[in-house]
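>>> Build the 3D model from these lines:
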Amino acid sequence: MVKVVLLSLEWPHAGHVGGVGRYAFRIADELKETVDLTVVTLAGGTSLEGATMVYVPRATGRIGRYYLTPLRLRRLIASLKADVIHAFGDDWALSKNGAPIVRTFLGSSLAEARASKGLRSINHYILALTEARSRARAAFRIAIGPDSFETFRCDILMPPVTAVPPAAGVGKTDGPSVVFIGSFHGRKRGWLVAKAVREARATTGLPITLTVIGPAGDQANWPADTRHLSGASDEAVREAVASSWVLMAPSEYEGFGIPLYEAMALHTYAIVTDNPGSSYIYNAVRSAPPISLIAESELTSELEKRVSGTGALAAGEADGAYAVVNHLLSEAAVERLLDVYERLNK
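Have a look, this model is predicted:
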């Protein structure tokens, strides 16, 4: 059995967990059945039964998280004697004389730097240099979308998705509702969602509810009547998305866009702005999925159209959602990873 060390510092824990952490956990849960799996992540990460968990201290600040921690990983991962290392980032300091590295590129730090401001932007410009180092040293490169595939000249494109369990017993809310995953400020641009909901309430007279899934420290930025969830479980996230009439995702940049994929899997209409991730999902199949891919200036008017109905997808829309989810799942089959591991271990 191939011994795989999965390096993912983004991983479920008690605080807010983004799409990357939830995907890493899900793919590890599938891999543990067929490989000897060791997961390296930050202290406090959720334990995965069937895998060996190795924790590193959770550093504070950008320098500690993005630069000191990867340096500390160098000796630790070398000591684990892996046949293959699969990194979801933070691998730039690993020994080049160790096991072959499979690197999943989760988007472009350079593109994210251009979509950010202040210290976050500066940090991502520096991280872009570490990504270039990771690309050069990886034995096999996996992209999560066309943007990553072209930027890092990857070997395969494998979307970061697994099958989404249904939200059993959860129906659409009685009245119009919107769900958003992310922060008020930054590239996720939650402020645009708050603005669209406020304006749509005023023009339609409908009591549109807003649920936000994001960091606890961000709650104060949202209107007082916002339902704000932080540290939500996978099940709670699915229920929030499945029960909402609309998912809004006006992100300035996404390498893929896991919330948009999950909305399709849970039959929730999505209103998104154009970026590499949303465009990839929207154009993945010939059947039009239930997604409005629009300019930010059209967010309010598009929301007004959608809240005038019942919240449920029409038959044709449901067919489109089913088609895009099935296509992405076929491209993301765990067997593709197992084949890569076996080839590198020969």
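
>>> So Val5 belongs to a helix, correct?
No. With DSSP: H, G, I helix; E, B strand; the rest coil as the criterion, Val5 is strand rather than part of a helix.

>>> Am I right that it is in contact with His86?
Yes. Counting by C-beta atoms under 8 Å, Val5 touches His86, with 7.2 Å between them. The way it works is simple: take the backbone N, C-alpha and C, and place the C-beta from them, glycine included.

>>> So which of these two has more stuff around it?
Using other C-beta atoms under 10 Å as the criterion, Val5 and His86 rank with His86 on top: 29 against 24.

>>> And that one, how far from Val334?
Distance of His86 to Val334, given as C-beta to C-beta, to the nearest Å: 12 Å.

>>> Arg201 too?
Distance, Arg201 to Val334, using C-beta to C-beta: 44 Å.

>>> Likewise for Leu299?
Distance from Leu299 to Val334, counting by C-beta to C-beta: 36 Å.

>>> so Ile85, which of the three states?
Local secondary structure at Ile85 is given as strand here, using three-state DSSP.

>>> Make 50 the first number, not 1, from now on.
Will do, 50 is the new start, and the previous item becomes Ile134.

>>> Please name the bridge partners of it.
Note on Ile134: beta-bridge partners Val54, Ile150, judged by DSSP bridges.

>>> Now do the strands in this structure.
Counting by DSSP state E, one finds strands in the chain at the ranges 52-56, 85-91, 101-105, 133-136, 150-154, 189-192, 205-206, 226-230, 258-262, 276-278, 295-298, 318-322, 340-343.

>>> okay if I get those strands as a markdown table plus distance to Asp368 and mean pLDDT?
Output for the strands of the chain, formatted as a markdown table (distance: least, C-beta to C-beta, whole Å; pLDDT from 0 to 100):
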| stretch | distance to Asp368 | mean pLDDT |
| --- | --- | --- |
| strand 52-56 | 35 | 98 |
| strand 85-91 | 37 | 98 |
| strand 101-105 | 41 | 98 |
| strand 133-136 | 35 | 98 |
| strand 150-154 | 31 | 97 |
| strand 189-192 | 28 | 98 |
| strand 205-206 | 24 | 96 |
| strand 226-230 | 22 | 98 |
| strand 258-262 | 27 | 98 |
| strand 276-278 | 30 | 97 |
| strand 295-298 | 19 | 98 |
| strand 318-322 | 14 | 98 |
| strand 340-343 | 13 | 97 |
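
>>> Indicate which one of these is closest to Ile307.
Relative to Ile307, the nearest member of the strands of the chain by C-beta to C-beta is strand 226-230, separated by 8.5 Å.

>>> Alpha carbons of that closest one, as PDB, please.
Coordinates of each C-alpha in strand 226-230 appear next as PDB, following Å, rounded to 0.1, in the frame of the first residue of the first chain:
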ATOM      1  CA  SER A 226     -33.800  33.900   1.200                       C
ATOM      2  CA  VAL A 227     -30.200  34.500   0.200                       C
ATOM      3  CA  VAL A 228     -27.100  32.700   1.400                       C
ATOM      4  CA  PHE A 229     -23.500  34.000   1.100                       C
ATOM      5  CA  ILE A 230     -20.300  32.200   2.100                       C
END
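
>>> That strand pairs with which strands, parallel or anti?
Sheet pairing for strand 226-230, assigned by DSSP bridges, gives strand 258-262 (parallel), strand 295-298 (parallel).

>>> Run through who's touching that strand.
Under the contact criterion C-beta atoms under 8 Å, 6 or more residues apart in numbering, strand 226-230 has outside partners 68, 237, 239, 242, 246, 257-263, 286, 289-290, 292-298, 308, 317, 352, 360.

>>> Please, a ChimeraX command that selects the buried ones among those?
In ChimeraX, this line selects whichever of the contacts of strand 226-230 come out buried by 16 or more other C-beta atoms under 10 Å:
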select :68,237,239,242,246,257,258,259,260,261,262,263,286,289,290,292,293,294,295,296,297,298,308,317,352,360
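
>>> So which of Leu348 and Val383 has more stuff around it?
Between Leu348 and Val383, counting by other C-beta under 10 Å, Leu348 is the more crowded of the two (24 against 17).

>>> so what's the residue nearest to the more buried one when sequence neighbours are not counted up against?
Using C-beta to C-beta, 6 or more residues apart in numbering and skipping the chain neighbours, the partner closest in space to Leu348 is Ala245 (4.3 Å). The contact partners of Ala245, by C-beta under 8 Å, 6+ apart, come to Met297, Leu348, Thr349, Leu352.

>>> Next: Tyr390.
By C-beta under 8 Å, 6+ apart, Tyr390 lies in contact with Val51, Val53, Val84, Asp132, Val133, His135, Val151.

>>> Swap in 6 Å and give it another go.
Taking C-beta atoms under 6 Å, 6 or more residues apart in numbering as the contact definition, Tyr390 lies against Val51, Val133.

>>> State the distance from it to Leu159.
Applying C-beta to C-beta, one obtains 29 Å for the distance of Tyr390 from Leu159.

>>> cool, and Gly280?
With C-beta to C-beta as the criterion, Gly280 and Leu159 are 31 Å apart.

>>> and Pro299, how far is that from Thr101?
The spacing between Pro299 and Thr101, counted by C-beta to C-beta, is 40 Å.

>>> Now for this protein, the helix or strand with the poorest mean pLDDT.
None of the helices or strands of the chain scores lower by mean pLDDT, DSSP states H and E than helix 158-163, at a mean of 88.
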